[in-house]
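Visitor: okay, sequence plus prediction incoming.
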Amino acid sequence: MPPKLGRLIRQRRLKKKIGLREFARLIGKSPTFAVMLEKDENVSVSEGTLLDIARVLELKIDELLAAAQKLPENLKPRSELELALFRKVRKMTKKEKEDWIQRMSEKGR
């Protein structure tokens, strides 16, 4: 699991003053799981668990998915064309991506 995820979760949990056991209860997991998650130990985190964490910690799900380096099931490429588009976007700068999103949003109005 990427180290950024555990650090992000721990910082936010502490900022919200939620104890580890309470956090584990709120996301429906064991305290051991929560400790392993925050320490970035080899633990598998499902999209559903990330959704629960986002809700409890009031984080954007996309922020958690990016930190976990997980792609939501509904965004996985289903064709060669979608995969090619994904590769092209990955090569773009942040500014290019922002500009492209803005242009696509304007077209959709």
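Guide: Structure received. Residues are numbered from 1 along each chain as shown.

Visitor: can you list the residue ranges for helices in this structure?
Guide: 3-15, 20-26, 31-38, 47-57, 61-68, 80-91, 94-107 (DSSP state H).

Visitor: the residue nearest to residue 20 when sequence neighbours are not counted - how many residues pack around it?
Guide: Computed as C-beta to C-beta, 6 or more residues apart in numbering, the closest residue to residue 20 that is not its neighbour in sequence is residue 34, at 5.5 Å. Where C-beta positions appear, they are placed from N, C-alpha and C, glycine not excepted. The tally of other residues near residue 34 (other C-beta atoms under 10 Å) stands at 24.

Visitor: can you pull up the most central residue in the chain?
Guide: What sits nearest the mean C-alpha location of the chain, by C-alpha atoms, centre = their mean, is residue 65, with 1.6 Å.

Visitor: list the contacts of that one.
Guide: 47, 50, 71-72 (C-beta atoms under 8 Å, 6 or more residues apart in numbering).

Visitor: just the buried residues out of those, in ChimeraX syntax.
Guide: If you want just the buried ones from these in ChimeraX, going by 16 or more other C-beta atoms under 10 Å, the selection is:
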select :47,50
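
Visitor: tabulate the contacts of residue 65 in CSV, adding columns for distance to residue 7.
Guide: Shown next, in CSV, are the contacts of residue 65 (distance: C-beta to C-beta, whole Å):
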residue, distance to residue 7
47, 20
50, 15
71, 21
72, 22
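
Visitor: max pairwise distance over the contacts of residue 65: which two?
Guide: 50 and 71 (11.6 Å; C-beta to C-beta).

Visitor: low-confidence ranges, this structure, go.
Guide: Scanning the chain with the threshold set as pLDDT under 70 gives 1-3, 108-109.

Visitor: list the buried residues in stretch 56-63.
Guide: Buried residues in stretch 56-63 (16+ other C-beta under 10 Å): 56-57, 59, 63.

Visitor: cool, and stretch 33-51?
Guide: 33-34, 36-38, 40, 43, 45, 47, 49-50.

Visitor: how about stretch 19-30, which residues are buried there?
Guide: Result for stretch 19-30 [16+ other C-beta under 10 Å]: buried residues 23-24, 26-27, 29.
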